[in-house]
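Peer 1: just to be clear, the model below is a prediction. Sequence and coordinates:
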Amino acid sequence: MAGFREREKQYFPLQKIQDVVDLFKDQLTTPDEPNLALLSIVLGLIENTLTVNRALPNHIDSSQSLEPIFPVVELSIVEALYTKFVTQIKRSVDLTKFPDGNATRELVKFVSDVVWSSLMRSYYKDKAHLQSLYSYLTGNKLDCFGVAFAVVAAFQVLEYKDVHLALSEDHAWVVFGEDLKDSAEVTWHEPVICTRQMEVASIVSGINPSINATTDSVEMASLQQDLLWLLHDLGHLEKYPMALGNLGDLEEISPTPGRPPPLDLFEESIEANKKYYNNRHVYPYTYLGAYQYRNMNYKEALQAWADAASVVKTYNYNRQDEEIYKEFLEIANDLIPQMMKSVASDNAARIHHTSILYNPDCYSNFLRFYDGICEWEEDSPNPVLHITWANQLAFSLSKFDCSVRKLIALPGTGESSSSSEEDSEEDEEDEVNHNKDNKKDDKENITQTDDNKIEKVVKARGRRRK
Ligand SMILES: CC1(C)CN=C(N2CCN(c3ncnc4sc(CC(F)F)cc34)CC2)S1
């Protein structure tokens, strides 16, 4: 079994972050493909050592500084795991039955079953650190991303060039064939179809530096950040909005001297979303919104969250959108109420009417946020809103000053609307949405006032529908 060539071996043992970056750079600038299995095993081994099995003692050197030790990654360990993967795949797949050089649906199904059948029968799929081939080969556990990635890495071992990773914001699967359009999944809009280099970007972006709910491994986050900049400089994040957002978050935590600020990266993520994915991804806007919120730029946060809701309203909510649902739940029922409380207690801003509570654009974006969520729920197989949403809406709504609530005329109040362009749509032919009323009726447990408020927001949307 041909293990690694001299090309890979020269970098081992890996003893510090720069050694890993050098290995990845070489793999990403070779004329042939980067070795997905090798790179996933390396990242998984390091992540496991720095987050799961932190058996490493803190190293106290002569200067008495607590220098954490970066795990020494020996070639022998990595090569043994790599050989185990290659052997398992080649032994299980009899290619003489698949003479065609291109992958077929049957072959993709067969290889997926080989990966799937070697997984542990039952384990918690959403646990952290289950995304790499290291987890697969040493623990027989993979999360949903890990299964799709393992299948793609297996096809690389079988020397297929037409099987790639497809990524949506909530899901990962395998695409294959001529135009990479053949795949089991047809429900997802605008997926990220990866090149081999973007598949490397996906395992770097999927690095999870978390040791526990409150602590991250500084070394692991630093390795992830350096590798994302390497991929960025080589142009492999150009079409990968989530990875750009990831890098923006890392730069906020630990700015790299000489690199652009987080806002530039969130902007790049949004531009990529518009340029390559018909502006149909939500996360670029929620990355930006979360950043603005953390930095108390509340007007800008509402703008980003309204833009995120304007994306999600074009979808129907179904069970698979769990992560995106949780994202909007946290924004509506946690972040915005927190924000309202904090600005309401800002007396100076209240006296001078400078806070967002007096700002019509903020109120307009607030309504646009809820309008998008209501439309997301509409015609969806699964309900989105429940009583907590209504209660938090009523709470947040009530914090805006009555002067600004008058400015944004909700139909039925009759007054002129403010200059914000959102309201010009109200002049459009009003079409009251009947099935929305039916849906409203079955929210019997919402109190009367909340109902009126929801009804007003809903009617505003109903009247603005195209
Ligand atoms: C604004 C946020 C809540 C912050 N983190 C977010 N992430 C979104 C998911 N993340 C991702 N980052 C790179 N690539 C992928 S592919 C994928 C779907 C999964 F099923 F494979 C998820 C994801 C990274 C973390 S969105």
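Peer 2: It's in.
Peer 1: number of residues surrounding the residue of the stretch 1-150 of the chain found nearest the ligand?
Peer 2: As assessed by Cβ to the nearest ligand atom, the ligand sits closest to Phe145 within the stretch 1-150 of the chain, at 3.5 Å. Heads up, the C-betas are built off the backbone N, CA and C, glycines and all. Taking other Cβ atoms under 10 Å as the criterion, the count of residues near Phe145 is 20.
Peer 1: and Asn53, what pLDDT?
Peer 2: In this prediction, Asn53 carries a pLDDT score of 84.
Peer 1: no, scratch that, I was asking about Ser76
Peer 2: You'll see Ser76 listed with a pLDDT of 97.
Peer 1: repeat that for the one 3 residues further on.
Peer 2: The predicted local confidence for Glu79 comes out at a pLDDT of 97.
Peer 1: for it, what is the enclosing helix or strand?
Peer 2: Element membership of Glu79, judged by DSSP states H and E, is helix 75-92.
Peer 1: picking that back up, apart from its neighbours in sequence, what residue is nearest the residue of the stretch 1-150 of the chain closest to the ligand?
Peer 2: Nearest residue to Phe145 in three dimensions, chain neighbours excluded: Ala172, at 4.4 Å (Cβ to Cβ, 6 or more residues apart in numbering).
Peer 1: quick one: Asn365 from the ligand, how far?
Peer 2: Counting by Cβ to the nearest ligand atom, to the nearest Å, the separation of Asn365 from the ligand is 18 Å.
Peer 1: please apply the same query to Val151.
Peer 2: Val151 sits 13 Å away from the ligand, taking Cβ to the nearest ligand atom as the criterion.
Peer 1: just the angle for the host helix or strand of that residue relative to helix 75-92, thanks.
Peer 2: Of the helices and strands defined by DSSP H and E, Val151 is found in helix 144-157. Angle between the axes of helix 144-157 and helix 75-92 is 80 degrees (criterion: axes from the mean of the first three to the mean of the last three Cα atoms, to 10 degrees).
Peer 1: name the helices or strands packed onto whatever helix or strand comes next after helix 144-157?
Peer 2: Using DSSP H and E, the helix or strand that directly follows helix 144-157 along the chain is strand 163-167. The criterion is 3 or more Cβ pairs under 8 Å, 6 or more residues apart in numbering; DSSP states H and E, and the helices and strands that strand 163-167 contacts are helix 144-157, strand 172-176, strand 192-193, helix 196-205.
Peer 1: if we can go back for a sec, how many residues are close by the residue nearest to Phe145?
Peer 2: Number of residues near Ala172 (other Cβ under 10 Å) recorded here: 24.
Peer 1: counting contacts, what elements does the helix holding Glu79 pack onto?
Peer 2: Packed next to helix 75-92, using 3+ Cβ pairs under 8 Å, 6+ apart, are helix 36-47, helix 105-117, helix 133-139, helix 144-157.
Peer 1: and the stretch 351-466 of the chain, which of its residues are near the ligand?
Peer 2: Taking Cβ under 6 Å from any ligand atom, no part of the stretch 351-466 of the chain reaches the ligand.
Peer 1: taking the stretch 351-466 of the chain, what residue is nearest to the ligand?
Peer 2: Taking Cβ to the nearest ligand atom, the stretch 351-466 of the chain has Phe369 as its residue nearest the ligand, at 15.3 Å.
Peer 1: kindly export the helix holding Glu79 (C-alpha atoms) in CSV.
Peer 2: Output of helix 75-92 as CSV, limited to C-alpha atoms (Å, rounded to 0.1, in the frame of the first residue of the first chain):
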residue,chain,number,x,y,z
LEU,A,75,4.0,10.4,10.7
SER,A,76,3.6,6.8,11.9
ILE,A,77,0.3,7.5,13.6
VAL,A,78,-1.1,9.4,10.7
GLU,A,79,0.1,6.9,8.1
ALA,A,80,-1.4,4.0,10.1
LEU,A,81,-4.8,5.7,10.2
TYR,A,82,-4.6,6.6,6.5
THR,A,83,-3.7,3.1,5.6
LYS,A,84,-6.6,1.8,7.6
PHE,A,85,-9.0,4.1,5.7
VAL,A,86,-7.5,3.2,2.2
THR,A,87,-7.5,-0.5,3.0
GLN,A,88,-11.1,-0.5,4.3
ILE,A,89,-12.4,1.4,1.2
LYS,A,90,-10.4,-0.6,-1.4
ARG,A,91,-11.3,-3.9,0.2
SER,A,92,-15.0,-3.1,0.3
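Peer 1: in that helix, what counts as buried?
Peer 2: For helix 75-92, a neighbour-count test (16 or more other Cβ atoms under 10 Å) marks 75, 77-79, 81-82, 85-86, 88-89 as buried.
Peer 1: ok, so of these, who is nearest Leu265?
Peer 2: In terms of Cβ to Cβ, no member of the buried residues of helix 75-92 lies closer to Leu265 than Val78, at 31.4 Å.
Peer 1: and stretch 278-298, which residues are buried?
Peer 2: Of the residues in stretch 278-298, those with enough neighbours to count as buried (16+ other Cβ under 10 Å) are 279-293, 297-298.
Peer 1: and for stretch 235-249?
Peer 2: Using 16+ other Cβ under 10 Å as the burial criterion, the residues of stretch 235-249 that qualify are 236-249.
Peer 1: contacting the ligand as well, which ones from those?
Peer 2: Filtering the buried residues of stretch 235-249 for neighbours of the ligand using Cβ under 6 Å from any ligand atom leaves 242-243, 246.
Peer 1: just the ones in helices from the residues you listed, please.
Peer 2: With helices identified by DSSP state H, the entries of these that belong to them are 242-243, 246.
Peer 1: separation between Gln131 and Glu74?
Peer 2: Here the criterion is Cβ to Cβ, to the nearest Å. By it, Gln131 lies 22 Å from Glu74.
Peer 1: right, I mislabeled it, should have said His164
Peer 2: Applying Cβ to Cβ, the value for His164 to Glu74 is 31 Å.
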